[in-house]
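Participant: Sequence and predicted structure, then a few things I'm wondering about:
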Amino acid sequence: MPELDFVNVRKSYQSPTGENLLALADFSLKVDGGRFVSVVGPSGCGKTTLLRMAAGLVPWDGGEIRLDGDELTGPSPKMSMVFQAIGLMPWKSVQSNVALGIQLQAHRRKLTAEETAHVGATLAMVGLKGFEHYYPHQLSGGMQQRVGLARALVRHPEILLMDEPFGALDAQTRAVLQDELLNLWGRVKSTVLFITHDLDEAIYLSDLVVIMGRRPGRIKQVLEVKLPRPRYSYDARAEPEFAHLRSIAWQSIKEEL
Amino acid sequence: MTQSADRLTSPAKRNGKSALTVLASNHYVLTALSAIAFIALWQIVSMNVSPVILPSPGNVAAAFVELTASGELIRATGQTIWPFAIGLSVAFVIGTSLGLVLGIFRPAARILDPYIFIFWSIPNIAWLPLFIAWFGVGQLTLIIFVFVSAVFPQLLTVEAGAKEADSFLVEVARSLGGTKSEILHIVVLPAALPYIFAGLRIAVGRALVGIIVGQLLIVATGIGYMFQFYGETLSLAKYFAPLIVIAALAVALNRAVNWAEQLLIPWKSRAFT
């Protein structure tokens, strides 16, 4: 199973006034293969930076990020990222947006018949059958993020990087998509690194909840969530265990605010 | 097309409004009514002033038919359209490609932008004596004048569009493994397309001014010369004929650009239709 390993990663930013801001100091985290790991923390703790480094979008200053033991040097075809702002191309139909997941990985303009069928199957999997020829502006926010999810999944990623993917959605849509994500994850069996500021979301979805302290980002506490899966098959949020974990996590985060 | 037609007629029908209301809400009916009102107003004014000030619509129509039948108007239109089309097309191709290049490679733009801005801010007409000295009195000078009139608005508008390509979408494409040329093709070019059309709209207007001024002052042919000749001889009814040709050309070109834009940019949600 693929695993993602942060080893003593260090990252600093130049502030607008010229100061050196340390975003992450000797950050180490091992995301074991096949697990669903969430990272929560106060805003500015470097959790998004963490994900963007793993996606190969920003360089880091020291330490290593390893994917299956190999050092990461840029965007890896084994990983897909899902963004809070989604980032669909407004000029491409739903189908063409999802096809980009394959095209940009393979550096080809045209898909094979088999790949086109796979794009259709992936869209059906996220519940968008019949919307292939819509443009993004014709879809609701929740449906747009389903397209974002399909674009990530169509590549058969070993690791799914998710940066607050449901943060901009209304509460009902978010709950529905959380359940669907769990369902999809049960089927595709990839490793997930999930960033959120929503504790309930982190506990509900994850095997491990990593709580980060304020800048410079470091791991404060790691909680293991042992609620049985599939969690959408019963009211997992109503379990005493859920409330217990939530209270521990909230105490921990409150100290950092 | 069907969508807008539905919007125009069906709500009225649903609400049981009169046929007159439905008719009045129809775009074509409104256009025809306003044209009739305009010509009527023109007729009334022309009956109360000297024909040297404003000829009547009937006289203008007669002059138009006469100039068309004699071949003068058609010949002049031909002499006008070719240099116009060549100058505008070259300006469109060069303005668009250079605009894209400068929008993407900002170091090159930082060097070239001041020169472009200086050339653009000099009134076109000031170039004419120089162009005549360099290229002589002829079609080439005319085409170059049209080109210079149209190329700068095209270039500057496209450059502004390419420069503004969404950095987040570029990042998304990078995260999916896109190379620089793929990102150019998938993110930058489509984002610049509305600007290419916006530039073209301005360029068409500038090129029309360029061709008329050029024919007036350089070659003494075509529509531009007809303006001069019939204006100076106070044959106002005939003066209106080339005016109608130019107005029709401008409207047709604007329609063509709109049509091409609708066809090539189907993804845009339009706030006002």
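Facilitator: Yep, that arrived. Numbering: from 1, shown residues only, chains lettered A, B, ... in the order given.
Participant: which helix is the longest one in chain A?
Facilitator: The longest helix of chain A (DSSP state H) is helix A:171-188.
Participant: which residues are contacting that helix?
Facilitator: A:36, A:125-127, A:140-142, A:145-146, A:149, A:153, A:156, A:160, A:165-166, A:169, A:192, A:201, A:204-205, A:229-232 (CB atoms under 8 Å, 6 or more residues apart in numbering or on different chains). C-beta coordinates here come from the backbone N, C-alpha and C atoms, glycine included.
Participant: next helix or strand past that helix?
Facilitator: Next along the chain after helix A:171-188, taking DSSP states H and E as the criterion, comes strand A:191-195.
Participant: Let me see the contact set for A:Ile248.
Facilitator: Contact analysis of A:Ile248 by CB under 8 Å, 6+ apart lists A:Gln221, A:Leu223.
Participant: what packs against the helix or strand encompassing B:Arg206?
Facilitator: For B:Arg206, the host element (DSSP H and E) is helix B:189-214. For helix B:189-214, the packing partners by 3 or more CB pairs under 8 Å, 6 or more residues apart in numbering or on different chains; DSSP states H and E come out as helix B:72-104, helix B:139-163, helix B:222-232, helix B:236-264.
Participant: Deepest-packed of those, please.
Facilitator: Of all these, helix B:139-163 has the most neighbours on average by mean count of other CB atoms under 10 Å in any protein chain shown, namely a mean of 23.
Participant: Looking at the helices and strands packed on helix B:189-214, which is nearest to B:Trp120?
Facilitator: helix B:139-163 (4.1 Å; CB to CB).
Participant: Name the residues of whichever helix or strand comes after the closest one that are buried.
Facilitator: Later in the chain than helix B:139-163, the nearest helix or strand by DSSP H and E is helix B:167-175. Judged by neighbour count using 16 or more other CB atoms under 10 Å in any protein chain shown, the buried positions of helix B:167-175 are B:Leu169, B:Val170, B:Glu171, B:Val172, B:Ala173, B:Arg174, B:Ser175.
Participant: Any residue of the helix or strand that helix B:167-175 is followed by touching chain A?
Facilitator: Sequence order places helix B:180-183 as the next helix or strand after helix B:167-175, per DSSP H and E. Yes: residues of helix B:180-183 contacting chain A under CB under 8 Å from any CB of the partner chain: B:Glu182.
Participant: Could you name the helices and strands sitting against helix B:180-183?
Facilitator: Contacts defined by 3+ CB pairs under 8 Å, 6+ apart place helix B:180-183 against helix B:167-175.
Participant: Hey, what's the angle from the helix holding B:Arg206 to helix B:167-175? Just curious.
Facilitator: Going by axes from the mean of the first three to the mean of the last three CA atoms, to 10 degrees, helix B:189-214 is angled at 130 degrees with respect to helix B:167-175.
Participant: Could I get the buried residue list for helix B:189-214?
Facilitator: B:189-201, B:203-208, B:210-214.
Participant: Flag every buried residue along the longest helix of chain A.
Facilitator: For helix A:171-188, burial by neighbour count (16+ other CB under 10 Å) applies to A:Thr173, A:Arg174, A:Ala175, A:Val176, A:Leu177, A:Gln178, A:Asp179, A:Glu180, A:Leu181, A:Leu182, A:Leu184, A:Trp185.
Participant: roughly how far out does that helix sit from the chain middle?
Facilitator: How far helix A:171-188 lies from its chain's middle: 13 Å, per CA atoms, centre = their mean, to the nearest Å.
Participant: Equivalent analysis for stretch A:158-172, please.
Facilitator: How far stretch A:158-172 lies from its chain's middle: 6 Å, per CA atoms, centre = their mean.
Participant: and it, what's its mean pLDDT?
Facilitator: Per-residue pLDDT values over stretch A:158-172 give a mean of 94.
Participant: Any idea how far apart the tips of it sit?
Facilitator: Length of stretch A:158-172, first residue to last, CA to CA, to the nearest Å: 29 Å.
Participant: quick one: A:Val209 is in a strand?
Facilitator: Yes: assessed by DSSP: H, G, I helix; E, B strand; the rest coil, A:Val209 belongs to a strand.
Participant: so it bridges to which residues?
Facilitator: Beta bridges link A:Val209 to A:Ser38, A:Leu223, judged by DSSP bridges.
Participant: now it: how far from A:Phe194?
Facilitator: According to CB to CB, to the nearest Å, A:Val209 and A:Phe194 sit 10 Å apart.
Participant: For the residue in chain B that chain A sits nearest to, give me its contacts.
Facilitator: Nearest residue of chain B to chain A (CB to the nearest CB) works out as B:Val172 at 3.6 Å. Applying CB under 8 Å, 6+ apart to B:Val172 gives the contacts A:Phe83, A:Gly87.
Participant: Also A:Glu71?
Facilitator: A:Glu64, A:Ile65.
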